[in-house]
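Visitor: turn this into a model:
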Amino acid sequence: MTVTVEAPAVTPFRFFDLRVVRTRRLGPSLLRVIFTGDELAAFNGGGRDQSLSLFLPHPGQDAPVLPPAEPGDDGRAWHAAYRAIPDHERAIMRSYTLSGQRRGPGGTVEEVSIDFVLHNDDPAAAGPACRWAEAAAPGDQVVVLGPAIADNAAVRCQPPHDFDHILMWGDETALPAALGVLAWLPAYASAHVWLEVPHRDDIQPIVTLADVTVTWLVRDEDGPSALEALRNTPLPDAARPYAWLAGESGTMKELRRHLVRERGYDKRAVTFVGYWRRGLSEDALRAQPAAQPAAT
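Guide: Below is the predicted model:
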């Protein structure tokens, strides 16, 4: 008799204890923080717009305060225990995009990076994650709930396998995700991309194999709005178009309506993610039933 033994299932997400290695300023509004940790050998990001949950300590704490993760827990019991910790003690949780993962000679991940928007032009918009990043120093401890397998639900950009053109729009909060998608695009694809940043010095290099037309919208130069820029641009007559939109929630809904109603896109071919909502903190956004918190 032959007995078949199935390989044990790997949980898509797990907690990683990380510490800061270094920081690097990318522009007036952007700061990259690079982390390492002994557990990163089990980290396996899916690229593109891979998101994760970042847990930060409060000022005066050496490390974020979290309940233990119990084996077999589907997350509900852990989240209830997390919410039971007093507000001023429990770790600050924010959603961010993985901006990079560096592998060592053996192929395992040795460092991961996250890009933070600093909101220097609007100090009132600077939340606890922004303030933490500006003060981050080597050795500072955080916890990340991140992917253990590359094929995970926190990669939102999922075009059909036979797509031939992708339309992309993102503001500075979606910049790491947009750059990740562009780096992933196959050589046979074409793309029209709009990226909005506060200042010209926030513009980042583009690395891609695809045939890409990129338009940078610089906010302090009083350029067109996102909708104006998109509406005034002729697009190729693609057979299988796909759209990926990420940034301020209200703007994403407006752009999606334009693509579906005026450009004839199939609703199922438009992925849109509200990373933030004008006038609301992420905590307030999470409290709303329709919230889609993700990324930077």
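Visitor: any idea how far the residue nearest to the spatial centre of the chain is from residue 178?
Guide: Geometric centre of the chain, nearest residue: residue 97, 2.4 Å, by Cα atoms, centre = their mean. Going from residue 97 to residue 178 by Cβ to Cβ, to the nearest Å gives 9 Å. Where C-beta positions appear, they are placed from N, C-alpha and C, glycine not excepted.
Visitor: mutual contacts of these two, please.
Guide: By Cβ atoms under 8 Å, 6 or more residues apart in numbering, residue 97 and residue 178 have these common neighbours: residue 49.
Visitor: surely residue 177 touches residue 247?
Guide: No: counting by Cβ atoms under 8 Å, residue 247 is not a contact partner of residue 177; they are 9.5 Å apart.
Visitor: overlap in contacts, those two.
Guide: Counting by Cβ under 8 Å, 6+ apart, the contacts common to residue 177 and residue 247 are residue 170.
Visitor: when those two are compared, which one has more neighbours?
Guide: residue 177 (31 against 26; other Cβ atoms under 10 Å).
Visitor: could you pick out the longest strand of the protein?
Guide: Of all the segments of type strand in the chain, defined by DSSP state E, the longest one is strand 13-27.
Visitor: direction included, what does that strand pair against?
Guide: Paired neighbours of strand 13-27 in the sheet (DSSP bridges): strand 30-36 (antiparallel), strand 141-147 (antiparallel).
Visitor: how about the first one as PDB, C-alpha atoms only?
Guide: Right, strand 30-36. Provided in PDB are the C-alpha atoms of strand 30-36 (Å, rounded to 0.1, in the frame of the first residue of the first chain):
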ATOM      1  CA  LEU A  30      10.400  60.400   1.100                       C
ATOM      2  CA  LEU A  31      12.500  58.500   3.600                       C
ATOM      3  CA  ARG A  32      13.600  54.800   3.200                       C
ATOM      4  CA  VAL A  33      14.200  52.700   6.300                       C
ATOM      5  CA  ILE A  34      16.100  49.400   5.900                       C
ATOM      6  CA  PHE A  35      15.500  46.600   8.400                       C
ATOM      7  CA  THR A  36      17.100  43.300   9.200                       C
END
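Visitor: let's see the helix or strand just after it as PDB, backbone CA atoms only.
Guide: Toward the C-terminus, strand 30-36 is succeeded by strand 51-56 as the next helix or strand (DSSP states H and E). The C-alpha coordinates for strand 51-56 follow below in PDB (Å, rounded to 0.1, in the frame of the first residue of the first chain):
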ATOM      1  CA  SER A  51       1.700  45.300   1.600                       C
ATOM      2  CA  LEU A  52       2.400  44.400   5.200                       C
ATOM      3  CA  SER A  53       1.400  45.600   8.700                       C
ATOM      4  CA  LEU A  54       4.100  47.500  10.600                       C
ATOM      5  CA  PHE A  55       3.900  47.700  14.400                       C
ATOM      6  CA  LEU A  56       5.800  50.500  16.000                       C
END
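Visitor: what's in contact with the very next helix or strand once past strand 51-56?
Guide: Per DSSP H and E, the first helix or strand lying C-terminal to strand 51-56 is helix 76-84. Under the criterion Cβ under 8 Å, 6+ apart, residues 66-67, 69-70, 90-91, 93 lie in contact with helix 76-84.
Visitor: dump those residues to TSV, plus distance to residue 109, neighbour count and pLDDT.
Guide: Shown next, in TSV, are the contacts of helix 76-84 (distance: Cβ to Cβ, whole Å; neighbours: other Cβ atoms under 10 Å; pLDDT from 0 to 100):
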residue	distance to residue 109	neighbour count	pLDDT
66	22	18	97
67	26	16	96
69	20	15	87
70	25	9	82
90	27	18	98
91	22	21	98
93	22	20	97
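Visitor: and those, which two are the farthest apart?
Guide: Across the contacts of helix 76-84, the longest distance by Cβ to Cβ is 18.3 Å; it joins 70 and 93.
Visitor: restricting to C-alpha, output the longest helix belonging to the chain in CSV.
Guide: Counting residues, the longest helix in the chain under DSSP state H turns out to be helix 249-261. Extracted C-alpha coordinates of helix 249-261, given in CSV (Å, rounded to 0.1, in the frame of the first residue of the first chain):
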residue,chain,number,x,y,z
SER,A,249,-9.5,57.1,-1.8
GLY,A,250,-11.7,59.8,-3.3
THR,A,251,-9.4,60.3,-6.2
MET,A,252,-9.2,56.6,-6.9
LYS,A,253,-13.0,56.3,-7.1
GLU,A,254,-13.2,59.3,-9.5
LEU,A,255,-10.5,57.8,-11.8
ARG,A,256,-12.2,54.4,-11.7
ARG,A,257,-15.6,55.9,-12.7
HIS,A,258,-13.8,57.7,-15.6
LEU,A,259,-12.2,54.4,-16.9
VAL,A,260,-15.4,52.4,-16.7
ARG,A,261,-17.9,55.0,-17.9
